[in-house]
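Here is my input; please provide its structure:
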Amino acid sequence: MTDAATLVSKLWNYCNVLRDDGVSYGDYVEQLTYLLFLKMDDERSKPPYNKESQIPAEHNWESLRNKEGDELELHYRHLLESLGKESGLIGVIFRKSQNKIQDPAKLRRIIKMIDDEIWMGLDVDVKSETYEGLLQKNAEDVKSGAGQYFTPRPLIDAIVEVMRPEPGIQIMDPACGTGGFLISAHNYIAHQFQLDKEQKQHLRKIAVSGIEIADSVARLCVMNLYLHGIGGEESPIEVKDSLESLGNDRYDMVLTNPPFGKKSSVTIVNGGGKASREAISYERQDFWATTSNKQVNFVQHIKSLLKINGRAAVVVPDNVLFEGGAGETVRRKLLQEYDVHTLLRLPTGVFYAQGVKANVIFFDRKPASEKVWTEKLWIYDLRTNKHFTLKTNPLKHTDLEDFIKCYNPENRHDRQESERFKSFTYDELIQRDKISLDIFWLRDESLEDMDNLPDPDVLAAEIADNLEAALEQFRGIVEEI
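Residues are numbered from 1 along each chain as shown. Reported below is the predicted structural model:
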């Protein structure tokens, strides 16, 4: 049986040949997505599966199999264009698709390489791990910029582990990237519970849904979910701007890592051809404050997406914790009207997008009440004196085990303070300047112990992250000016 590592290696090695033709990692993964989907659809339509294919015969896998040269290139181009007009799952995967492999001989070679493997016969874990392996390799390529859509798997799994999703609930990720949170939540429910037939159907077709603004990322997400056995003929992912409107549905759980970068903006080109960027402020009745700060807006959007007693875990950059103006307004209202119970301060060096100083904020929606809902905020500091890099010392699940233990998901109302885990009452928080939640108490040993500094590559990575974070703040100031 082929294993995931062998398949990733096989599929990835060929990418190096294509790079000579200017095909990027992202373009390659995209073309593999189209072709893998067609091949698997072909296999599903034959014994022993005998499922009805939704793909028109003139554009299916068989239609590619025996063509070569210019005929293949022309047919493939028409195939992509035609399938992009289909509805449902197929329409999302092929939406705005283009052929980026202009050499028909190399396209033929990829088709042959995929055709030689029986994909439907592979274990679902092998198929899904193979695809996630490709997505991770794409995220690791700094030039592709794909890292901003990829949250480290150990962090996702730890968040899901403390959130403990259950059968029958609806889970939303309004900035789903390649689908990491949705897949982890799905897998948690599938493996932690004995599900009956109805619960399995709910888990596959209804339990998880998401929104992604970028077409190219949405197709990777839908394919990722499809390979994990999630979704039906309809796509669980919508392609749109989450922040534009609230929509009609409310959810039991929201798990998300909204895109990094502070501002929402549009590019406007004037009559002379000069381009300028204009910040977008979303005017919404359900928002507590109007701002162009994208992350603050996502926090406001997520609080509105929750059902009463719904729960959220959201990755936010540091500025959401301390920024004045709209940020202060949102923090004040969130502490009053929601139960903001846990904050995980993340170390640098764990995200593919550099310069990110991030946190995970956990809060629950509560019924309207005159009383303040946040009694205590528990903060876990995984940042001070912690040093990670993506290559030599990546974040692992074991690094998060103490946080999971301190969180105490069995009964989070019965917690104990420790060196890295402290609680702060509502009264203490509300008296802080601008209601800043940017709180730390541990002594930074690297400032005092010059004899035991981290390895040079760790120090260099931290310096780069700090410089990137400073640049991001400067860009925000320039945009406001």
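
Tell me where the chain has strands.
171-173, 208-212, 237-239, 251-256, 265-269, 275-279, 306-317, 338-345, 358-365, 376-381, 421-425 (DSSP state E).

okay if I get the ones you listed as TSV plus mean neighbour count?
Bear in mind the C-beta positions are built from the backbone N, C-alpha and C, glycine included. Formatted as TSV, the strands of the chain follow (neighbours: other Cβ atoms under 10 Å):
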stretch	mean neighbour count
strand 171-173	25
strand 208-212	25
strand 237-239	20
strand 251-256	24
strand 265-269	10
strand 275-279	12
strand 306-317	20
strand 338-345	22
strand 358-365	22
strand 376-381	20
strand 421-425	16
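
between those, which gets nearest to Trp288?
Closest of these to Trp288 is strand 338-345, at 11.1 Å (criterion: Cβ to Cβ).

Render the CA-only coordinates of the closest one in PDB, please.
Extracted in PDB, the C-alpha atoms of strand 338-345 (Å, rounded to 0.1, in the frame of the first residue of the first chain):
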ATOM      1  CA  TYR A 338     -19.700  37.700  26.500                       C
ATOM      2  CA  ASP A 339     -17.800  35.400  28.700                       C
ATOM      3  CA  VAL A 340     -14.200  36.000  27.700                       C
ATOM      4  CA  HIS A 341     -12.600  33.200  29.700                       C
ATOM      5  CA  THR A 342      -9.200  32.200  28.200                       C
ATOM      6  CA  LEU A 343      -6.300  33.800  26.300                       C
ATOM      7  CA  LEU A 344      -3.400  31.800  24.900                       C
ATOM      8  CA  ARG A 345      -0.300  34.000  24.200                       C
END
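
Any stretches of the chain with poor pLDDT?
For the chain, the stretches with pLDDT under 70 are 1-2, 142-149, 261-279, 353-355, 446-481.

Show me the residue at the heart of it, geometrically.
The centroid of the chain falls nearest to Gly177 when counting by Cα atoms, centre = their mean (3.9 Å).

Next one: it from His387, what distance?
Using Cβ to Cβ, to the nearest Å, Gly177 is found at 26 Å from His387.

can you redo the strands of the chain as JSON lines with distance to His186?
Below are those laid out as JSON lines (distance: least, Cβ to Cβ, whole Å):
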{"stretch": "strand 171-173", "distance to His186": "8"}
{"stretch": "strand 208-212", "distance to His186": "5"}
{"stretch": "strand 237-239", "distance to His186": "13"}
{"stretch": "strand 251-256", "distance to His186": "11"}
{"stretch": "strand 265-269", "distance to His186": "33"}
{"stretch": "strand 275-279", "distance to His186": "36"}
{"stretch": "strand 306-317", "distance to His186": "16"}
{"stretch": "strand 338-345", "distance to His186": "22"}
{"stretch": "strand 358-365", "distance to His186": "20"}
{"stretch": "strand 376-381", "distance to His186": "26"}
{"stretch": "strand 421-425", "distance to His186": "29"}
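
Quick check: which of those is nearest to His75?
Closest among the strands of the chain, using Cβ to Cβ: strand 237-239, at 26.2 Å.

re the thing from before, so for Gly88, which of the strands of the chain sits nearest?
Using Cβ to Cβ, the nearest of those to Gly88 is strand 237-239, at 11.2 Å.

For that closest one, name the packing helices and strands.
strand 208-212, helix 215-227 (3 or more Cβ pairs under 8 Å, 6 or more residues apart in numbering; DSSP states H and E).

Reformat these as JSON lines; add distance to Val29.
As requested, these are arranged in JSON lines below (distance: least, Cβ to Cβ, whole Å):
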{"stretch": "strand 208-212", "distance to Val29": "15"}
{"stretch": "helix 215-227", "distance to Val29": "7"}
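
Leu72: which of those is closest?
Comparing the helices and strands packed on strand 237-239 under Cβ to Cβ, the one sitting nearest is helix 215-227, at 21.8 Å.

And the closest one, what's buried?
Neighbour-count burial for helix 215-227 flags 216-227 (criterion: 16 or more other Cβ atoms under 10 Å).

just curious, which of these is nearest to Leu182?
Leu225 (6.6 Å).

on that earlier part again, compare the helices and strands packed on strand 237-239 and give me the one nearest Asp21.
Taking the helices and strands packed on strand 237-239 one by one with Cβ to Cβ, helix 215-227 is closest: 19.1 Å.

Tell me who's in contact with Leu36.
114, 119, 131, 223 (Cβ atoms under 8 Å, 6 or more residues apart in numbering).

sorry, that was for Arg432
Per Cβ under 8 Å, 6+ apart, neighbours of Arg432: Ile439.

Quickly note the distance from it to Ser24.
Counting by Cβ to Cβ, the gap from Arg432 to Ser24 is 46 Å.

Please look at Leu107 and Glu71 and confirm they touch.
No: counting by Cβ atoms under 8 Å, Leu107 does not reach Glu71; the two are 11.4 Å apart.

which of those two has more neighbours?
Leu107 (23 against 11; other Cβ atoms under 10 Å).

what's the closest non-adjacent residue to that one?
Ile101 (4.6 Å; Cβ to Cβ, 6 or more residues apart in numbering).

Am I right that that neighbour is in contact with Val23?
Yes: using Cβ under 8 Å, Ile101 is in contact with Val23, at 6.1 Å.

Mind listing the shared neighbours of those two?
By Cβ under 8 Å, 6+ apart, the residues touching both Ile101 and Val23 are Gln31.

The closest residue in space to Pro56 that isn't next to it in sequence: neighbour count?
If the residues on either side of it in the chain are set aside, Pro56 comes closest to Ser82, at 7.4 Å by Cβ to Cβ, 6+ apart. Number of residues near Ser82 (other Cβ under 10 Å) recorded here: 15.

just checking, Ser82 touches Ala57?
No: proximity of Ser82 to Ala57 does not meet the contact threshold set by Cβ under 8 Å, at 11.9 Å.

and for stretch 242-249, what are the contacting residues?
170, 172, 174-175, 211, 213, 264, 282, 284, 286, 294, 297-298, 301, 304-305.

buried stuff in it?
242-243, 246.
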